[in-house]
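Q: got a predicted structure here, sequence first:
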Amino acid sequence: MFRMSKYYIMSLAWCNSIHGLLVVQLQV
């Protein structure tokens, strides 16, 4: 359970960071 939630949070953070980079590139 804890391991799955840990990977889930990590994947969410990864997606958020990639989305942020894409948004910054689009704005520039």
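A: Happy to help now that I have it.
Q: what's the helix or strand for residue 11?
A: Assigned by DSSP states H and E, residue 11 falls within helix 2-27.
Q: just give me how far that helix sits from the chain centre.
A: Relative to its chain's centre, helix 2-27 lies at 0 Å (C-alpha atoms, centre = their mean, to the nearest Å).
Q: got any ranges where the chain has weak pLDDT?
A: 1-2 (pLDDT under 70).
Q: residue 7 and residue 13: what is the separation?
A: 11 Å (C-beta to C-beta, to the nearest Å). In this view, the C-beta of every residue, glycine as well, is placed from N, C-alpha and C.
Q: typo on my end, it should be residue 5
A: Taking C-beta to C-beta, one finds residue 5 at 13 Å from residue 13.
Q: repeat for residue 20
A: In terms of C-beta to C-beta, residue 20 sits 11 Å off from residue 13.
Q: which parts of the helix holding residue 11 are buried?
A: Buried residues in helix 2-27, counting neighbours by 16 or more other C-beta atoms under 10 Å, are absent.
Q: I appreciate the help and will end here.
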